[in-house]
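**Q** here is a sequence together with a model predicted from it:
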Amino acid sequence: MIRVLIVDDQVMVREGFSVLLNAMPDIEVVGEAVDGAQAVRKVALFKPDVVLMDIRMPVMNGLEATREIVAADADAKVLVLTTFDLDEYVYQALRSGASGFLLKDASAGQLAEGVRIVASGEALLAPTVTKRLISEFSRLGTPRAPAQERIGDLTERETEVLVLVAQGLSNGEIAEHLVVAESTVKTHVSRILVKLGLRDRTQAAVFAYEARLVTPGG
């Protein structure tokens with residue numbers, strides 16, 4: 001069972017998502033939180049696999065809560081809830097450690113699938129968000145020195161896989177692109193995360209943008 005914590009200051013949103021997710025045979029909603037501060041406490045208490053995190057909340061917003069949950073080295077993956085796919089906070093949330101984002105008007109199927117994808121360690125990035133990330137890092141100009149330096153720890157093939165991850169490809173798509181077994185890609189991704197000290201594929205994508213391995217049109 002995938003254990004989920006729902007964080008939103010609107011009771012109707014929390015109840016609606018709870019009903020939809022609890023109807024799934026492989027998902028269980030273990031708790032709810034009305035703000036970021038409560039979310040941090042409940043993550044420590046309930047040990048969820050996935051946290052559905054709203055951004056705009058009183059007391060502590062979703063960005064701060066995501067940072068605290070990630071800093072605590074919690075195993076929980078944070079899935080950001082937003083009303084608009086180009087919400088300015090989506091970009092900040094991903095840099096704060098979120099594993100992806102989901103629109104609040106997602107269908108029951110999309111919601112459940114999003115939870116499963118993030119729980120499995122995959123990134124949940126819509127093309128619009130990927131483009132926004134590239135655009136944001138392009139606007140920042142020079143690459144971050146630490147990110148640039150750490151690229152040297154990767155092999156040529158690992159760097160190639162990292163770029164494809166940053167472009168939003170799944171393990172299966174990367175395997176097809178490189179004409180290798182999917183298990184080989186999984187091994188490469190695992191080694192990339194270990195070498196760079198990253199939590200998941202989303203963080204690997206952000207790293208690739210910071211290091212300028214991926215650029216507009218690239």
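**A** Great, that's in hand.

**Q** mind checking the SS state of Glu113?
**A** At Glu113, secondary structure determined by DSSP: H, G, I helix; E, B strand; the rest coil is helix.

**Q** quick check, pLDDT for the residue lying closest to Lys195 once chain neighbours are set aside.
**A** The shortest distance from Lys195 to any non-neighbouring residue, by C-beta to C-beta, 6 or more residues apart in numbering, is to Asp153 (4.8 Å). Using the backbone N, CA and C atoms, a C-beta is placed for each residue, glycine as well. The model reports Asp153 with a pLDDT of 84.

**Q** the chain: strands as residue ranges?
**A** Here the chain has its strands, by DSSP state E, at 2-7, 27-33, 50-54, 77-82, 100-103.

**Q** quick one: the residue nearest to Lys195 from Glu122, how far?
**A** 23 Å (C-beta to C-beta, to the nearest Å).

**Q** equivalent analysis for Ile174, please.
**A** Here the distance between Ile174 and Glu122 works out to 12 Å (C-beta to C-beta).

**Q** more neighbours: the two, which one.
**A** Ile174 (22 against 19; other C-beta atoms under 10 Å).

**Q** who touches that one in this structure?
**A** Val161, Leu164, Val165, Val185 (C-beta atoms under 8 Å, 6 or more residues apart in numbering).

**Q** between these, which is closest to Val194?
**A** Closest approach between the contacts of Ile174 and Val194, by C-beta to C-beta: Val161, at 13.3 Å.

**Q** quick check, pLDDT for the closest one.
**A** 94.

**Q** count the neighbours of the nearest residue to it once chain neighbours are set aside for me.
**A** Counting by C-beta to C-beta, 6+ apart, Val161 lies nearest to His188, which is 4.4 Å off, once chain neighbours are set aside. If you count neighbours by other C-beta under 10 Å, His188 ends up with 25.

**Q** returning to what we had before: what's the most buried one of the strands of the chain?
**A** Between those, strand 50-54 has the highest mean count of neighbours, a mean of 28, where neighbours are mean count of other C-beta atoms under 10 Å.

**Q** could you check the angle that one makes with strand 27-33?
**A** Counting by axes from the mean of the first three to the mean of the last three C-alpha atoms, to 10 degrees, strand 50-54 lies at 40 degrees to strand 27-33.

**Q** paired strands for strand 50-54, with orientation please.
**A** strand 2-7 (parallel), strand 77-82 (parallel) (DSSP bridges).

**Q** which ones are touching Ala175?
**A** By C-beta under 8 Å, 6+ apart, Ala175 lies in contact with Ala181, Glu182, Thr184, Val185.

**Q** highest neighbour count among these?
**A** Val185 (23 neighbours).

**Q** now do the helices in the protein.
**A** 11-22, 36-46, 62-71, 88-96, 108-119, 127-140, 145-150, 156-166, 171-178, 182-196, 201-210 (DSSP state H).
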